[in-house]
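Enquirer: prediction below, plus the sequence it came from.
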Amino acid sequence: MLSSDGRLVLTFNGEVYNHRDLRAEVDAAGGTPQGGWRGHSDTETFLEAICAFGLEGALERAVGMFAFALWDIRERKLSLVRDRFGEKPLYYGWAGRDFLFGSELKALREHPRFEGAIDRDALSLYAARTYIPAPLSIYRRIFKLEPGCILTVGPQPPAGLDRPPRIGGSTGALALKRYWSYRSVLEAGLRTPILDRREALEELEKTLSRAVSIQSLADVPVGAFLSGGIDSSTIVGLYQKYSAQPVRTFTIGFDEASFNEAPYARAVARHFGTEHHERTVTPREAQDVIPRLPGIYDEPFADSSQIPTYLVSRFAREQVTVALSGDAGDELFGGYNRYFGTGRLWSKLKLLPASVRGAAGAALARVPAAVWDRAGRAVARDGLPPYFGAKVQKSLRTTARARNLEDVFTSFLDEWSGERSPVLGASGDANICPFDLDLGDGAPDALRMMYCDSISYLPDDILCKVDRASMAVGLEAHVPFLDHRVVELAARIPVGMKVAGGSGKHILRELLYREAPRELFDRPKAGFGIPVGEWIKGPLRDWAEGLLDPRQMLAEGWFDPEPIMARWQDHLSGRRDSTPALWSVLMFQSWLRQQKSASAAAA
């Protein structure tokens with residue numbers, strides 16, 4: 001779209017939720033386009049807001065999810081911009097001497113000089129984390145723009161970079177800067193906390209309700225995902241509270257009881273009075289999605305909940321075009337077990353001599369995962385979360401080598417922690433996309449962990465998963481928790497109101513319990529998963545072993561088959577559950593074969 005003054009060109013992906021208010025502000029500032037507004041789109045509004053307030057002024061005022069490119073015809077300057085948390089993707093880089101950018105890697109691959117050389121360091125990080133962290137992509141010289149950033153490209157950009165520019169720095173006519181910093185938001189929150197619990201609760205309801213309201217306004221049918229957990233139930237509860245019509249909610253179920261949350265979602269929907277839609281997915285239906293995953297995600301991606309996310313998105317798209325999601329509640333309000341479990345674990349471990357800790361941890365980690373599962377079931381009153389035994393094993397392996405709390409925490413985020421990486425030829429440079437827990441002196445440990453997840457795991461795994469899966473079926477997913485005003489309020493709510501007594505999301509639970517009885521939610525956190533680990537030992541075993549053929553892996557030269565096959569045999573025997581590590585390898589191998597097929601077809 002061309003601006004009314006003919007100077008700026010905008011290509012835009014996403015949505016500015018507050019575009020009506022923004023348009024009124026443009027009019028009030030005298031920025032109404034000459035001849036009047038051409039239409040009612042948020043793209044036109046945002047473009048004219050840039051003309052009226054400047055790029056950063058418009059970004060400061062915008063509430064939304066977006067990735068866009070802005071071309072200044074007069075100055076011959078390109079600006080690439082991504083939203084505050086990275087809900088929408090944006091890639092950039094080089095093909096020969098040409099500078100490329102786009103929302104999908106498949107668009108960049110169309111360039112006739114696209115090289116497609118795999119970045120071994122990115123592959124090594126992917127094998128460890130199950131996703132490729134920004135600013136890297138799977139390809140050398142192709143990068144992800146980091147959330148909350150502006151990349152400015154002048155008339156004569158460099159002919160190529162092997163590593164992305166540094167934030168706050170410049171390389172010739174290429175400059176990268178932040179326009180919004182989550183770290184700054186958290187630091188401000190620590191300086192100005194809301195100490196009164198009632199005030200915090202009232203402000204949270206008001207701010208989150210406003211986010212739900214603005215993100216549910218659309219000219220197309222709108223619904224919401226509902227798993228029956230705290231986050232999605234809170235969004236649905238507030239949505240229904242202020243809606244004149246029953247909200248359309250969607251969930252999928254599975255025959256495997258430990259992975260099936262459909263009965264909980266059904267009970268929550270019944271309480272709120274939503275128009276609830278539920279579908280039970282067979283293993284065959286879920287498995288049929290697997291061949292599509294490389295094309296949907298464009299680069300290797302191995303969070304196996306990508307499969308149910310795609311299935312529930314496809315189900316919802318049968319009736320709605322927009323769906324509200326409860327994602328980001330865990331990161332903002334302390335929902336993951338690691339936020340309270342890591343500190344408790346380390347407080348006990350550090351009392352033991354390192355030699356004793358290492359010997360005991362290594363020995364107990366060899367106890368099969370199935371044994372830990374049986375032991376857990378014997379003492380648990382409310383059932384076990386999926387992969388309980390595997391998580392116990394991982395905790396025990398951590399005890400053998402942890403030096404501090406950071407070691408304990410980051411080991412949970414690395415599938416090859418303490419073991420030799422299976423990737424051949426990676427540099428092993430620990431400074432490439434390190435985990436960031438630095439919030440300055442005095443920041444609570446739980447908050448540091450939440451911060452780390454919010455700037456890495458959330459954008460590069462959770463938001464990537466939801467965006468690609470939903471857009472693959474033409475569904476637009478909105479995330480009310482990531483309205484930046486909700487985020488800024490959450491930063492002012494002390495950690496003690498979120499994480500306490502061995503559980504998290506206390507303030508969010510209090511908000512939910514205003515609308516629904518506590519009994520609906522008193523159960524262990526399960527997550528949104530499927531039994532991929534069992535499938536690759538059963539109905540998918542032939543497919544898995546075809547991709548894990550040691551001779552083929554050796555010939556391709558990306559993976560060392562020895563550690564992978566050791567993990568595979570342990571997995572098959574039940575000695576150790578290695579589902580995430582193996583799924584990462586399988587998804588890369590599947591992606592690699594698709595790339596080869598596409599190259600062969602093009603030739």
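Expert: Cool, the structure landed.
Enquirer: count of neighbours near residue 204?
Expert: By the measure other CB atoms under 10 Å, the count of residues near residue 204 is 23. Where C-beta positions appear, they are placed from N, C-alpha and C, glycine not excepted.
Enquirer: what's the closest non-adjacent residue to residue 68?
Expert: Using CB to CB, 6 or more residues apart in numbering and skipping the chain neighbours, the partner closest in space to residue 68 is residue 12 (4.3 Å).
Enquirer: which secondary structure elements does the stretch of helix or strand that neighbour belongs to contact?
Expert: For residue 12, the element it lies in under DSSP states H and E is strand 8-16. In terms of contacts (3 or more CB pairs under 8 Å, 6 or more residues apart in numbering; DSSP states H and E), strand 8-16 is packed against helix 42-53, strand 64-72.
Enquirer: ok, residues contacting the shortest one?
Expert: When you say that, I think you mean strand 64-72. 7-18, 42, 50, 55, 77-83, 87-90, 101, 103, 145, 478-479, 482 (CB atoms under 8 Å, 6 or more residues apart in numbering).
Enquirer: next SSE after the strand holding residue 12?
Expert: Next element after strand 8-16 (DSSP H and E): helix 19-28.
Enquirer: count the neighbours of the closest residue to residue 146 other than its chain neighbours for me.
Expert: Nearest in space to residue 146, with sequence neighbours left out and distances taken as CB to CB, 6+ apart, is residue 134 at 4.9 Å. Applying other CB under 10 Å, we find 24 residues neighbouring residue 134.
Enquirer: quick check: the residue nearest the centre of the chain vs residue 563, distance?
Expert: Closest residue to the average C-alpha location of the chain: residue 462 at 2.0 Å, with CA atoms, centre = their mean. Per CB to CB, to the nearest Å, residue 462 is found 28 Å from residue 563.
Enquirer: any chance you could map the strands in the stretch 201-350 of the chain?
Expert: 222-225, 248-254, 275-281, 322-324 (DSSP state E, counting those that start in this stretch).
Enquirer: against which helices or strands is the first one packed?
Expert: In other words, strand 222-225. helix 230-241, strand 248-254, helix 306-317, strand 322-324.
Enquirer: redo that, cut-off 10 Å
Expert: Judged by 3 or more CB pairs under 10 Å, 6 or more residues apart in numbering; DSSP states H and E, strand 222-225 is in contact with helix 230-241, strand 248-254, helix 306-317, strand 322-324, strand 476-478.
Enquirer: let's test this: mean pLDDT of the last one, rounded?
Expert: In this model, strand 476-478 has a mean pLDDT of 98.
Enquirer: can you check stretch 487-504 too?
Expert: On average, the pLDDT along stretch 487-504 is 94.
Enquirer: now that stretch, how far from the centre of its chain.
Expert: The chain centre lies 20 Å from the centre of stretch 487-504; the measure is CA atoms, centre = their mean, to the nearest Å.
Enquirer: buried ones in that stretch, by neighbour count?
Expert: Within stretch 487-504, the residues scored as buried using 16 or more other CB atoms under 10 Å are 487, 489, 490, 491, 492, 493, 494, 495, 497, 498, 499, 504.
Enquirer: go on, stretch 557-569?
Expert: If you call a residue buried by 16+ other CB under 10 Å, then stretch 557-569 has these buried ones: 558, 559, 560, 561, 563, 564, 567, 568.
Enquirer: the first one reaches residue 118, doesn't it?
Expert: Yes - if you go by CB atoms under 10 Å, residue 558 and residue 118 touch, sitting 7.1 Å apart.
Enquirer: now the common contact residues for those two.
Expert: Contact criterion CB atoms under 10 Å, 6 or more residues apart in numbering; residues shared by residue 558 and residue 118: 588, 592.
Enquirer: the buried residues of stretch 557-569 in helices, which ones?
Expert: Judged by DSSP state H, the subset of the buried residues of stretch 557-569 located in helices is 561, 563, 564, 567, 568.
Enquirer: residues in contact with residue 255?
Expert: Contacts for residue 255 (CB under 10 Å, 6+ apart) come out as 280, 281, 282, 283, 531.
Enquirer: redo that, cut-off 7 Å
Expert: Applying CB atoms under 7 Å, 6 or more residues apart in numbering to residue 255 gives the contacts residue 280.
Enquirer: ok, now how distant is it from residue 262?
Expert: Separation of residue 255 from residue 262 (CB to CB): 10 Å.
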